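**Q** predicted model follows, preceded by the sequence.
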Amino acid sequence: MFSSMLLRSFLFGSLLYIVLAASEPSFTNAINRGLVDHGSIPEGSGLAASRRHPGILYTHNDHGGKNKIFALDATNARLRATFTISGATNHDWEDIAVGTCGQETCIYIGDIGDGGPQPHTIYRVKEPRDIRDQSLPVESKLLYEFSEKDCETLMIDPQGELYIASKTDDEPSWIAHVPTNGNWGTGTVVKVHRQAKFPFYTSKKNPVGGDISPDGTEMLIKFKEWVLYYKLASGESYVDAIKRDPLKLPYHPEPRGESVCWSRNADGYYTMSEGEGEDQPLYFYQRK
């Protein structure tokens, strides 16, 4: 009986490996789309593709920045608009995501780094109707506490569920689901619990960003020296996916690369570095 269970487990694992290996994607090396103005965005710490406006990427500054997000042109990295987020404070904004919120799409801003107070805050802002300088109100916010004080990865799935990953040094990081149902705008502090460890770690503080594809089947996790890819098997959760070894995707080394996101239709992904005192490239990696 025991041996038959082992055999079934081995066969299932082998089949999963074959299915995932057969579906491995291929991407080009980095394509330089232009330089991001470090005067406005000296510490770009997150990227997310607009669902409402094709060719627009949202970003923001890191710890110490103002309560602003920026719209970049994905074709040339030029600044298209600056949005002041009224009702929000940038203690330590570390990542940004775009996803559903009812019948609309929203920008989710993670004030989730160790430079901010506990509880941490995730802001939800409706995507603007026009790409122009303007003030955008916070539609709602969610408060949470987590044993891992420093996170730089915020992701959203197609159902509007949020995931964060802790940033650690010399030990494995944790991924966790942030319970959102009924918790937006209530003032209730949500308790977030460790769910799964990455099966590896680096000597640098990682991970620093991530994104789930618009259809929910692919996930990117950004380490300082890598972009890691996960293709979800049928019925597999994002938490379970990180327990296995990922695929390393093409990545052009950046001075302080902390940003990654899928394009609007997942035909590629973008990376961007913090400014380091000068303009930095916006890189695109095209799916072959």
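**A** Nice, thanks for sending it over.

**Q** going along the chain, name the helices of this protein.
**A** Using DSSP state H, the helices found in the chain span residues 2-22, 238-241.

**Q** mean pLDDT lowest for which of these?
**A** Sorting the helices of the chain by mean pLDDT places helix 2-22 lowest, at a mean of 40.

**Q** how about the contacts made by the residue positioned nearest the centre of the chain?
**A** Nearest residue to the geometric centre of the chain (CA atoms, centre = their mean): G210, 3.0 Å. Going by CB atoms under 8 Å, 6 or more residues apart in numbering, G210 touches 95, 153-155, 163, 165, 219-222, 260. Placement of C-beta: from N, CA and C, glycine included.

**Q** ok, now E161?
**A** 177-178, 180.

**Q** just G113 next, same as before
**A** G113 sits next to 62-63, 91-94, 150-152, 167 when contact means CB under 8 Å, 6+ apart.

**Q** before we move on, what about M219?
**A** Applying CB under 8 Å, 6+ apart, the residues near M219 are 155, 210-213, 229-230, 232, 238, 241.

**Q** let's see that with 10 Å instead.
**A** 155, 157, 163, 175, 210-213, 228-232, 238, 241-242, 246, 262 (CB atoms under 10 Å, 6 or more residues apart in numbering).

**Q** any of those residues buried? List them.
**A** Buried members of these, counted by 16 or more other CB atoms under 10 Å: 155, 157, 163, 175, 210-213, 228-232, 238, 241-242, 246, 262.

**Q** out of those residues, which are inside strands?
**A** Counted as lying in strands by DSSP state E, out of the buried ones among the contacts of M219, are 155, 163, 175, 210-212, 228-231, 262.

**Q** quick one: the contacts of E161 as JSON lines, columns for neighbour count too.
**A** Below are the contacts of E161 laid out as JSON lines (neighbours: other CB atoms under 10 Å):
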{"residue": "H177", "neighbour count": "17"}
{"residue": "V178", "neighbour count": "22"}
{"residue": "T180", "neighbour count": "19"}
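
**Q** burial of the residue nearest to H91 when sequence neighbours are not counted, as a residue count?
**A** Sequence neighbours aside, G116 is the residue nearest to H91 in space, at 3.2 Å (criterion: CB to CB, 6 or more residues apart in numbering). Counted by other CB atoms under 10 Å, the residues lying close to G116 total 20.
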